[in-house]
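In: below is the sequence, then the predicted model.
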Amino acid sequence: MEKRGSQLLKGVLDMCLLALINEESCYGYEMVRKMQQRGLELVSEGSIYPLLSRLEKAGYIEGYLVSSREGPKRKYYRILPAGQEKLRVWAAEWHSFAGGVEKVLRATGLERGSEL
Amino acid sequence: MKNDEYNDRPDTVKEVVESCQAYWVLSGLPRQRVNEMKLELEQHLREALADGKTVEVVVGADVNAFAAAWMKEVRTSKTLGEHILDWSFLLLLAAMVVLPWQHLVFRTTSFPVYWGTLAAIGLIILGTRVLLKPGLLSGALFRSPQQWRKILAISIFWVFITAISVFIWFHMLSGRQPVLFYWPWPATVVLVLLAGIVSWIAFRRDPTRPLPFEEEENEIAAQETTSSFSGKCKRIWISVGPYVMVWGVIADMYLIGREFSREIDMLVLLFWLIVVPASLRSGNLTRKLTLPILPFIGFAVTYHLSGIIPWDNRGELLDILIIPLLILLTAGTYWFLRRKMRLLFWTYLIITIFSMAAAILGWLGIVPWLISI
């Protein structure tokens, strides 16, 4: 993915993380893998942790340690009711924003998959 | 992931994780939170490396910037009480560095305080704050032994030079500045007690205190309760030693001036040498910190109060006192270093080096000019 893509992702990374956790409780690296599988590449993978801490501090998610047979405990995150509510708000904002961008591009004849 | 895969590249991961850990601890994040963050980062790095990625892909080009970004999201602001406690701790320890040792160096019960004396206290507070800043020298505590030993050696040298400079500064100030007031010995006693109490509170409330500490203690204590002969002996020493020291001092008070008083002094010193290091390895924290200090306070105060020692012999007495005290301070410094307890390590280190410098200058007679005061 190009640098521009990373910049765009930065703005919505917290929402993406919240959505992934809403899908299923998971740990940090698992979230990165899931995003990569969906075509989202992070320039700095570690940048998810400050965001996860922010979400945790805001009461949207909570971390918990799970014992592992392979090694030390692993920290998983699960979504809280306030997080689910926030995700709904953020998703609505995103759809509205993305819809607006889509309309702008469509007006100039640049719809998805089209060429200049 | 298999351990072997990780062991192929242990240094990079370890270095990054330890740098971040240092930054977080020195930023004052609670140790439990730091341990969680460290665990997450280490596991992420291990998996990323196993997937063929580089460390840079995870933390970016600047590890400190990454650690700072994460820290900002975790940190909570300090309460007013915590700020007051921090500054009182520093102020009292700086005063401990500058003031009480003048009794020992100049061998006097009261000494003059100049503006320069207060400036020295201010400089020490400032210097300690600088040392405690994340990313500076303190970070070396968490890095590899080769790295921190080098930086530690430089720091010790720096503090030693500073200490010598401060004492020479006092020498130069003598007679050139007006005396603000004379510092009496009861003020030293109050200062020592206050510093002890505030240090204890600061230590108990320090969120950066390592968590496995109590567990380690319990493990050591459990090992020592084994039926081995050395284990039993150690336990007896630890249990009985402090009391013998106190009674030794009391006996010494009665026997002072007689021929065998020196033998009692040696006995007390011997107990200091054995009990202090031993008690640092066992028992609860309060006992560890207070028991070795209490006899010294009792010893010093009683001697001061009694006034039965001829003035001419006091210098000799102080020479005897300073040796176990330096041993105690050195042991404390090492102990805090091993546990990576930043605040107490640096303050103990500074106090130890200052005390050593004071003792050396006193013994060499380099600053004998105030003895007559």
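Out: Yep, that arrived.
In: quick check: bridge partners of residue A:78?
Out: With DSSP bridges as the criterion, residue A:78 is bridged to residue A:62.
In: was I right about it contacting residue A:60?
Out: No. Applying CB atoms under 8 Å, one finds residue A:78 not in contact with residue A:60, separated by 10.5 Å. Quick note: C-beta positions are derived from backbone N, CA and C, even for glycine.
In: can you tell me, leaving aside adjacent residues, what's nearest to residue B:111?
Out: In this structure, residue B:111 finds its nearest non-sequential neighbour in residue B:102, 4.4 Å apart by CB to CB, 6 or more residues apart in numbering or on different chains.
In: any idea how far residue B:95 is from the one you found?
Out: Distance of residue B:102 to residue B:95, given as CB to CB, to the nearest Å: 11 Å.
In: so the residue nearest to residue B:111 sits right up against residue B:184, yeah?
Out: No. Contact criterion CB under 8 Å: residue B:102 and residue B:184 do not qualify, at 11.8 Å.
In: quick one, which of those two is more surrounded?
Out: Taking other CB atoms under 10 Å in any protein chain shown, residue B:102 and residue B:184 do not tie; residue B:102 has more neighbours (24 against 12).
In: the most centrally placed residue in chain A: what secondary structure?
Out: Nearest to the geometric centre of chain A sits residue A:16, at 1.5 Å (CA atoms, centre = their mean). Of the three states, residue A:16 takes helix according to DSSP: H, G, I helix; E, B strand; the rest coil.
In: roughly how far does it sit from chain B?
Out: Distance of residue A:16 to chain B, given as CB to the nearest CB, to the nearest Å: 17 Å.
In: what does chain A put close to chain B?
Out: Within chain A, the positions near chain B by CB under 8 Å from any CB of the partner chain are A:27-29, A:32, A:43-47, A:49-51, A:53-54, A:57, A:63, A:65, A:70-75.
In: inside helices: which ones of those?
Out: Secondary structure from DSSP state H places A:28, A:29, A:32, A:49, A:50, A:51, A:53, A:54, A:57 of the residues of chain A next to chain B in helices.
In: need the residues you listed in CSV (columns: pLDDT and neighbour count).
Out: Formatted as CSV, these follow (pLDDT from 0 to 100; neighbours: other CB atoms under 10 Å in any protein chain shown):
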residue, pLDDT, neighbour count
A:28, 93, 24
A:29, 93, 21
A:32, 94, 27
A:49, 95, 21
A:50, 94, 20
A:51, 94, 19
A:53, 94, 23
A:54, 94, 17
A:57, 92, 13
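In: circling back: the residue nearest to the centre of chain A contacts residue A:42, correct?
Out: No. Between residue A:16 and residue A:42 there is no contact under CB under 8 Å: 9.9 Å.
In: what is in contact with those two at once?
Out: A:9, A:35 (CB atoms under 8 Å, 6 or more residues apart in numbering or on different chains).
In: wait, what's in contact with the nearest residue to residue B:74 once chain neighbours are set aside?
Out: Excluding the flanking residues, the one nearest residue B:74 by CB to CB, 6+ apart is residue A:53, at 5.0 Å. Residue A:53 makes contact with B:70, B:73, B:74, according to CB under 8 Å, 6+ apart.
In: show me chain B divided up by domain.
Out: For chain B, automatic domain parsing gives the domain ranges B:3-74, B:80-370.
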